[in-house]
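> here are the coordinates; sequence isn't available:
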Ligand SMILES: CCCCC/C=C\CCCC/C=C/C(=O)SCCNC(=O)CCNC(=O)[C@H](O)C(C)(C)COP(=O)(O)OP(=O)(O)OC[C@H]1O[C@@H](n2cnc3c(N)ncnc32)[C@H](O)[C@@H]1OP(=O)(O)O
């Protein structure tokens, strides 16, 4: 490696770290990051959705990479938030000294991070954290959080430090990072005052990436230096997972755990259990601690790299048209787009990303599998499962639905095939539905499986077709043809299969003419009650689902239904 090369790719995994900054809105998270990276302070408050920064260092001949995730204070995106907990190596939790509630949120955040890390069995439980009591420049009369109270609490928690800071006055910002880096055993030179900041233009950065020295010819400079990447883009979920897995391997090696089974043999038994799961999805589940490989041991990761390098799973394909601001999201899990934990997680994240993409105004939900919109929830997720997996699965469904039903975007369902149960829920949760005429069916058929549609499925159907039709539809587990669905208002338009997409595009034109703000306020006010009803009892609902679905009688019904599906086929 050239001693002068500061290349994003040149940092070995052991030298790559992700710092996640969390806290409620308006506590100064972005201001702290901005001080650290650019020594700048902006008095204007602009809410952050999620900002990503990358700083590269060259320290004692080695290249280091620090990624910084500056998160949203209001957290409407639970999947993204959980991912930030899982992928963070070190954390800054920020509260404002004039806001006691923001301090309480910091205490909650710490618990949630530890919970996430503990659920991911390949990671160590307590990552290094520092608590920042920001806005310490505020007059004492406005102070709501006492220094001593926080110091006392922090003294009782592991791998945690505390400082009061002022991003505005640049008070203790350097110390904040220095203390955190020390706690995390990172090179002290990563602190702002201990390296030379290199301001680098795009061209120079490109030169550096090609290995061309950006120092004057012949001049040697071995002092530590740091450069903020001008092109930092948040890595994809897939890259996040690859990196997190690589880290987990390192941690494990460090812990010198003996006799780790090879992943290929360790995970083999699960391939029959989770039909048509890809290796990628199994790995993800293993990473989430939801699948325990044979012998209950943690998997070897060298092999995982090979698996990740295989074609991406891509159960949810997103195609963003930046000219029109319309994204097309296609479910892609042949043969029937059944919704398992993996698909639901991918869907949630895709929706969250579109939600934060300011250029996106509308979304078409469709299928990449001919003849199927979605066969609903993956029955295999509910059959002979464990309570923990059931809860995780249900949470993923809740999140995906909350993101879809609560989306600010214009959402349209292009139903080009069958759409039972969970598939019908997804379609009903959009603003408009176009369905293909012919043999395809749609409806909430849960009772036919011996299960019961949860209250939020019912609520959405009530809002779509009214009380009387819902009552009949749910009790009978009715499946409707496209024409029948049109007659009760379950879909808005029926057209020949090859015209579904073009009809959606035509309909979208009139929706796109409405000013977004007025439309979003209207949509929110219409949907808020239904969304709030689930949001306020997510955990209770997840637990209830797990208890219900694992009942012996329900399992028996599901078993019989699975057999009937297979019999019908043969
Ligand atoms: C008191 C309050 C209670 C609170 C909560 C309690 C309970 C929770 C309720 C949960 C709500 C549930 C929602 C759901 O979504 S349940 C899923 C319901 N879905 C279905 O019933 C669809 C069943 N499938 C079909 O009807 C057909 O497959 C089709 C969608 C019409 C497509 O037909 P076709 O193209 O002929 O395909 P095949 O039938 O041959 O299927 C291909 C293979 O796929 C398997 N399959 C089908 N659907 C599912 C599914 N949903 N999950 C998993 N696997 C599925 C099918 O068995 C075939 O497999 P094989 O090739 O191995 O035989």
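Now that the structure is in, tell me what you want to look at. As the structure is a prediction and not an experimental result, all values here were calculated from the model.
> In what element of secondary structure is residue 546 found?
helix 538-549 (DSSP states H and E).
> Which neighbouring elements make contact with that helix?
In terms of contacts (3 or more Cβ pairs under 8 Å, 6 or more residues apart in numbering; DSSP states H and E), helix 538-549 is packed against helix 387-405, helix 552-569. C-beta: built from backbone N, CA, C; applies to glycine.
> Would you pull up how far the last one lies from the middle of the chain?
If I follow you right, that is helix 552-569. 33 Å (Cα atoms, centre = their mean, to the nearest Å).
> Then the longest one?
Between the centre of helix 387-405 and the centre of its chain there are 12 Å (Cα atoms, centre = their mean).
> who in this structure is up against the ligand?
335-336, 338, 372, 375-380, 418, 420-422, 445-446, 449, 451-454, 544-545, 548-549, 565-566, 569 (Cβ under 6 Å from any ligand atom).
> Packed most tightly, which of the helices and strands packed on helix 538-549 would that be?
Of all the helices and strands packed on helix 538-549, helix 387-405 carries the top mean neighbour count, a mean of 22, counting by mean count of other Cβ atoms under 10 Å.
> any idea of the mean pLDDT for the very next helix or strand once past that one?
Next along the chain after helix 387-405, taking DSSP H and E as the criterion, comes strand 410-415. Regarding strand 410-415, the rounded mean pLDDT is 98.
> other SSEs contacting strand 410-415?
strand 362-367, helix 422-428, strand 432-436, helix 500-512.
> what's the distance between the helix or strand just after the shortest one and the middle of its chain?
Think strand 432-436. Where DSSP H and E defines the elements, the next helix or strand beyond strand 432-436 is strand 441-443. Centre-to-centre, strand 441-443 and its host chain are 30 Å apart (Cα atoms, centre = their mean).
> got it, and stretch 378-395?
19 Å.
> now the end-to-end length of that stretch.
Distance between the boundary residues of stretch 378-395 (Cα to Cα, to the nearest Å) amounts to 14 Å.
> Check stretch 115-132 too.
End to end - Cα to Cα - stretch 115-132 spans 21 Å.
> how far out from the middle of the chain is the helix holding residue 546?
22 Å.
> picking that back up, with distance to residue 175 and mean pLDDT added, can I get the helices and strands packed on helix 538-549 in TSV?
TSV is the format used below for the helices and strands packed on helix 538-549 (distance: least, Cβ to Cβ, whole Å; pLDDT from 0 to 100):
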stretch	distance to residue 175	mean pLDDT
helix 387-405	38	93
helix 552-569	57	93
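> Of those, which is nearest residue 170?
helix 387-405 (38.2 Å; Cβ to Cβ).
> My guess is residue 409 contacts residue 361. True?
Yes: in this structure, residue 409 is within contact of residue 361 by Cβ atoms under 8 Å, at 6.4 Å.
> neighbour-wise, which of those two wins?
The neighbour comparison of residue 409 against residue 361 (other Cβ atoms under 10 Å) goes to residue 409, with 24 against 19.
> Okay, the residue lying closest to the more buried one once chain neighbours are set aside and the ligand: tell me how far apart.
Nearest non-adjacent residue to residue 409, counting by Cβ to Cβ, 6 or more residues apart in numbering: residue 363, 4.8 Å away. Relative to the ligand, residue 363 is positioned 21 Å away (Cβ to the nearest ligand atom, to the nearest Å).
> Residue 460 too?
With Cβ to the nearest ligand atom as the criterion, residue 460 and the ligand are 12 Å apart.
> correct me, but that residue touches residue 425?
Yes: using Cβ under 8 Å, residue 460 is in contact with residue 425, at 6.4 Å.
> Which one of the two is surrounded by more residues?
residue 425 (26 against 23).
> In contact with that one, which residues?
Counting by Cβ atoms under 8 Å, 6 or more residues apart in numbering, residue 425 touches 376, 401, 444, 457, 460.
> on that earlier part again, may I see the helices and strands packed on strand 410-415 arranged in a markdown table, with mean pLDDT and distance to residue 230 as well?
What follows is the helices and strands packed on strand 410-415, written out as a markdown table (pLDDT from 0 to 100; distance: least, Cβ to Cβ, whole Å):
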| stretch | mean pLDDT | distance to residue 230 |
| --- | --- | --- |
| strand 362-367 | 98 | 30 |
| helix 422-428 | 98 | 39 |
| strand 432-436 | 98 | 41 |
| helix 500-512 | 98 | 33 |
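> Same list (those) but as JSON lines, adding distance to residue 137.
What follows is the helices and strands packed on strand 410-415, written out as JSON lines (distance: least, Cβ to Cβ, whole Å):
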{"stretch": "strand 362-367", "distance to residue 137": "43"}
{"stretch": "helix 422-428", "distance to residue 137": "49"}
{"stretch": "strand 432-436", "distance to residue 137": "51"}
{"stretch": "helix 500-512", "distance to residue 137": "46"}
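> what about the residue nearest to residue 409, neighbour count?
Neighbourhood size, residue 363 [other Cβ under 10 Å]: 27.
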